[in-house]
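Chemist: Pasting the sequence and the predicted coordinates here, then a few questions.
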Amino acid sequence: MFKREIVELNMGPQHPSTHGVLRLKLKLDGETVVDLEPEIGYLHRGVEKLAENFNYLQALNLTDRLDYIAAVSNNLGYIETLEKLGGVEVPKKAQYFRVLLTELNRIASHLLWLATHALDIGAMTVFLYAFREREMILDMFEMYTGGRLLTTTFRYGGLKEDIPEGFDKKVKEFIKIFPSRMEDYEDLLTENRIWKKRTVGVGVISAEDAINLGLSGPVLRGSGVPYDIRKVEPYEVYDEFDWEIAVENGCDTYARYKVRMKEMRQSLRIVEQALEGMPEGEFRAKVPKTLKLPKGEVYHSIEAPKGELGYYLISDGKGTGPYRLKVRGPSFVNLQGLKPMCKGHMVADVVAIIGTLDVVLGEIDR
Amino acid sequence: MSEELKNNPSPEKDKKEEVKAKKPVEGEKPKPAAKKVPPKPQIVVAPKEEPAEDWQKELIKKLGDDVEEAYVSVGEFNIVLKNNENFIANFENIKQHGFDYLADISSVDYLKFEGAPKRFGLSYHLYSMNMNRRLRVKVFLDENEKVPSVMDIWKTADFHEREAYDLMGIVFTGRQGLKRILLPDDWVGHPLRKDVDKVEGREEYTAKLVRKLREED
């Protein structure tokens, strides 16, 4: 005779599949998840408090370290928030280059997601392939900024410096190679029977629930909601390019996989157009050396690889730094989707669902 | 490093400044002294405008007397609500008005901010998926003033409210599981408050941990 019992199990904080120091308190009935609670804060550095003690430019360095996989997107969101309050017109050339770098960063972020997600589920080959292509993008970042992960890319009013010689050649090479590499990944996964068995019908969340839970990015678009800030509230020059929002109606892990794969192709389209249409001219508007912003508040959000990345900035008009800087990290909010997605699934599926949410703990814990 | 970054504009610009600096060699000296004399704190304030669009007027009308102030600033529509018994009903009203997506709840400590009516503030950033509009609802709170939770309306409020409680010490009523989220459960104080130093509490907490470990030994 067996007695049924609910067992509590700790997953993490040190666990390879939790992508950082995330601890999950699981309640299990056999191997089925009955309840789950994420415990976060292991990486808390107090970024918002630190930002209040820095000036505007110094705080830019902090944003690199939020979502360290997509530092360029973080920089862009922060700098745009400053520009929105300061009312600066950014030259066209800078805008094009910003879009180009951000989209390359989106591809790099999705490649890392693809690599680790596939590795978690057991497809090791994709891991090595995806890292190979990600390396090309990181080399480009290194060429322009000197950094590979923490790039501190943009400045108030435009770019840090002009586009280096030979940069376009590297991008062109990437554009030439990448479509065939995308086919390689898809050959390995999209119709793979094991992959489908592990992802189809796992981690289902309906569109209404997803909106109510505040999910954003590919997680929301995998539930059939065409919410992409690049399209609905275009910033920079996204409205000048020809591209589509990647949406899938499956609501499950497989749908979110397809959304991200589609998104990489669309990002490449944007990169191609941005490179072709790159205008000549100034790379930075005329701005004062010490930045002072008017008294007021502003919320600005952009479409980061993980979802809606918002900055809420309050300036008191006196200091040269933010009075309050709140970061709305997409991973922080998306993590709330974990509980409803995991209920009723096996422990092994929890690993798949963490992967599909694509959380980065640096951004959750801040 | 920050110094370097600050003074790191384009190389052309640097050259220009060098040329400028070289020309008036001796006439330069009294200038910095002259600069120090006028310490006029000129504060530029982002202008507030009257809400002009129809949906904005409609929403203000619907909320009635509970609206303390409504304005448009930096292109963003703001509504300042009163923290009274209609608080939850007002948010339900706003949701019915199409604002189905709660993007963010931010807590602010206005202790050192001029012109704020009360000590704390909460900013709810809302978005309407169907109509593609944004709205900021603000509430001002005194110290120890509690505010009803909006978790029943938007489930996403859970983490945001826990964060506001953890870092700013704002208490939300009418909900379960209001506990610390980023800091350890036995942490004392709320570090994002303006009267708390950025390192305060850290040493005490470490000392407490060490003591605990020793006792266990």
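Modeler: Arrived safely, thanks for sending.

Chemist: Helix, strand, or coil at the residue most central in space within chain B?
Modeler: Nearest residue to the geometric centre of chain B (Cα atoms, centre = their mean): residue B:108, 4.2 Å. Under DSSP: H, G, I helix; E, B strand; the rest coil, the three-state class of residue B:108 is strand.

Chemist: Over to the one 10 residues further on?
Modeler: Classification of residue B:118 into helix, strand or coil gives coil, according to three-state DSSP.

Chemist: what about residue A:199, how many neighbours?
Modeler: For residue A:199, the neighbour count with other Cβ atoms under 10 Å in any protein chain shown is 26. Where C-beta positions appear, they are placed from N, C-alpha and C, glycine not excepted.

Chemist: show me what contacts residue A:206?
Modeler: Neighbour list for residue A:206: A:223, A:251 [criterion: Cβ atoms under 8 Å, 6 or more residues apart in numbering or on different chains].

Chemist: Now the residue of the stretch 1-150 of chain A found nearest chain B: which helix or strand?
Modeler: Chain B sits closest to residue A:41 of the stretch 1-150 of chain A, with a gap of 4.0 Å, by Cβ to the nearest Cβ. In this structure, residue A:41 sits in neither a helix nor a strand according to DSSP states H and E.

Chemist: one step back: please, which helix or strand holds the closest residue to the residue nearest to the centre of chain B other than its chain neighbours?
Modeler: Closest residue to residue B:108 apart from its sequence neighbours, by Cβ to Cβ, 6 or more residues apart in numbering or on different chains: residue B:121 at 4.4 Å. If you go by DSSP H and E, residue B:121 is part of strand B:120-128.

Chemist: helix or strand right after that strand?
Modeler: strand B:133-141.

Chemist: elements contacting the helix ranked longest in chain B?
Modeler: In chain B, taking DSSP state H as the definition, the longest helix is helix B:202-216. Contact partners of helix B:202-216 among helices and strands, from 3 or more Cβ pairs under 8 Å, 6 or more residues apart in numbering or on different chains; DSSP states H and E: none.

Chemist: avg pLDDT for that helix?
Modeler: In this model, helix B:202-216 has an average pLDDT of 82.

Chemist: what about that helix, distance to the chain center?
Modeler: Taking Cα atoms, centre = their mean, to the nearest Å, one finds helix B:202-216 lying 33 Å from the centre of the chain it belongs to.

Chemist: residues in contact with the residue of the stretch 1-150 of chain A closest to chain B?
Modeler: For residue A:41, the contact set (Cβ under 8 Å, 6+ apart) comprises A:365, B:180, B:181, B:182, B:183, B:184.

Chemist: So is the helix or strand harbouring residue A:331 next to chain B?
Modeler: Residue A:331 is part of helix A:330-334, with elements assigned from DSSP H and E. Yes - remark: helix A:330-334 sits within contact range of chain B at A:332, A:333, by Cβ under 8 Å from any Cβ of the partner chain.

Chemist: Which strands or helices does that helix pack on?
Modeler: When contacts are defined as 3+ Cβ pairs under 8 Å, 6+ apart, helix A:330-334 packs onto strand A:307-315, helix A:361-365, helix B:157-168.

Chemist: Same list, the ones you listed, but as a markdown table with mean neighbour count please.
Modeler: Shown next, in a markdown table, are the helices and strands packed on helix A:330-334 (neighbours: other Cβ atoms under 10 Å in any protein chain shown):
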| stretch | mean neighbour count |
| --- | --- |
| strand A:307-315 | 26 |
| helix A:361-365 | 25 |
| helix B:157-168 | 23 |
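
Chemist: Quickly, which of these bottoms out on average pLDDT?
Modeler: helix A:361-365 (a mean of 87).

Chemist: on that earlier part again, report the buried residues of the helix holding residue A:331.
Modeler: Within helix A:330-334, the residues scored as buried using 16 or more other Cβ atoms under 10 Å in any protein chain shown are A:330, A:331, A:332, A:333, A:334.

Chemist: Name the nearest of these relative to residue A:91.
Modeler: residue A:330 (28.7 Å; Cβ to Cβ).

Chemist: Distance-wise, check the closest one relative to residue A:282.
Modeler: 32 Å (Cβ to Cβ, to the nearest Å).

Chemist: Kindly report the same for residue B:57.
Modeler: Using Cβ to Cβ, we find residue B:57 at a distance of 41 Å from residue A:282.

Chemist: Specify which residue of the two has the higher count of neighbours.
Modeler: Between residue B:57 and residue A:282, counted using other Cβ under 10 Å, residue A:282 has the larger neighbour count: 16 against 13.

Chemist: residues in contact with the more buried one?
Modeler: Taking Cβ under 8 Å, 6+ apart, we find residue A:282 in contact with A:91, A:93, A:94, A:158.

Chemist: quick one: which of these sit in helices?
Modeler: A:93, A:94.

Chemist: Farthest-apart pair in the contacts of residue A:282, please.
Modeler: Greatest spatial distance among the contacts of residue A:282 (Cβ to Cβ): A:93 and A:158, at 8.1 Å.

Chemist: Could you see whether chain B lies near the helix or strand following the helix holding residue A:331?
Modeler: Using DSSP H and E, the helix or strand that follows helix A:330-334 in sequence is helix A:338-342. No - judged by Cβ under 8 Å from any Cβ, helix A:338-342 stays clear of chain B, getting no closer than 8.8 Å.

Chemist: what packs against helix A:338-342?
Modeler: Judged by 3+ Cβ pairs under 8 Å, 6+ apart, helix A:338-342 is in contact with strand A:32-39, helix A:347-357.

Chemist: circling back to that earlier point, joint contacts of residue A:93 and residue A:158?
Modeler: Common contacts of residue A:93 and residue A:158 (Cβ under 8 Å, 6+ apart): A:282, A:283.

Chemist: The two: which is more packed in?
Modeler: More crowded of residue A:93 and residue A:158, by other Cβ under 10 Å: residue A:158, with 26 against 19.

Chemist: Thought residue A:89 was touching the more buried one, still the case?
Modeler: No - Residue A:158 is beyond contact range of residue A:89, at 9.9 Å (criterion: Cβ atoms under 8 Å).

Chemist: overlap in contacts of the two?
Modeler: residue A:285.

Chemist: how about the strands in chain B?
Modeler: B:48-49, B:67-73, B:76-81, B:101-109, B:120-128, B:133-141, B:147-148, B:172-173 (DSSP state E).

Chemist: same question, the stretch 51-200 of chain A
Modeler: In the stretch 51-200 of chain A, the strands defined using DSSP state E, counting those that start in this stretch lie at A:154-155, A:158-159.

Chemist: Would you tell me which of these gets closest to chain B?
Modeler: Of all the strands of the stretch 51-200 of chain A, it is strand A:154-155 that lies closest to chain B, at 8.1 Å by Cβ to the nearest Cβ.

Chemist: That closest one packs against which elements?
Modeler: Under the contact criterion of 3+ Cβ pairs under 8 Å, 6+ apart, strand A:154-155 touches helix A:71-86.

Chemist: Alpha carbons of the helix it packs on, in PDB - could you do that?
Modeler: Once non-C-alpha atoms are left out, helix A:71-86 reads as follows in PDB (Å, rounded to 0.1, in the frame of the first residue of the first chain):
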ATOM      1  CA  ALA A  71      22.900  45.200 -22.900                       C
ATOM      2  CA  VAL A  72      22.400  47.300 -26.100                       C
ATOM      3  CA  SER A  73      18.600  47.200 -25.700                       C
ATOM      4  CA  ASN A  74      18.900  48.200 -22.100                       C
ATOM      5  CA  ASN A  75      21.100  51.200 -23.100                       C
ATOM      6  CA  LEU A  76      18.700  52.200 -25.800                       C
ATOM      7  CA  GLY A  77      15.700  52.200 -23.400                       C
ATOM      8  CA  TYR A  78      17.500  54.300 -20.800                       C
ATOM      9  CA  ILE A  79      19.000  56.800 -23.300                       C
ATOM     10  CA  GLU A  80      15.600  57.200 -25.000                       C
ATOM     11  CA  THR A  81      14.000  57.900 -21.700                       C
ATOM     12  CA  LEU A  82      16.500  60.700 -21.100                       C
ATOM     13  CA  GLU A  83      15.900  62.000 -24.500                       C
ATOM     14  CA  LYS A  84      12.200  62.000 -24.100                       C
ATOM     15  CA  LEU A  85      12.400  64.200 -21.100                       C
ATOM     16  CA  GLY A  86      15.200  66.300 -22.500                       C
END
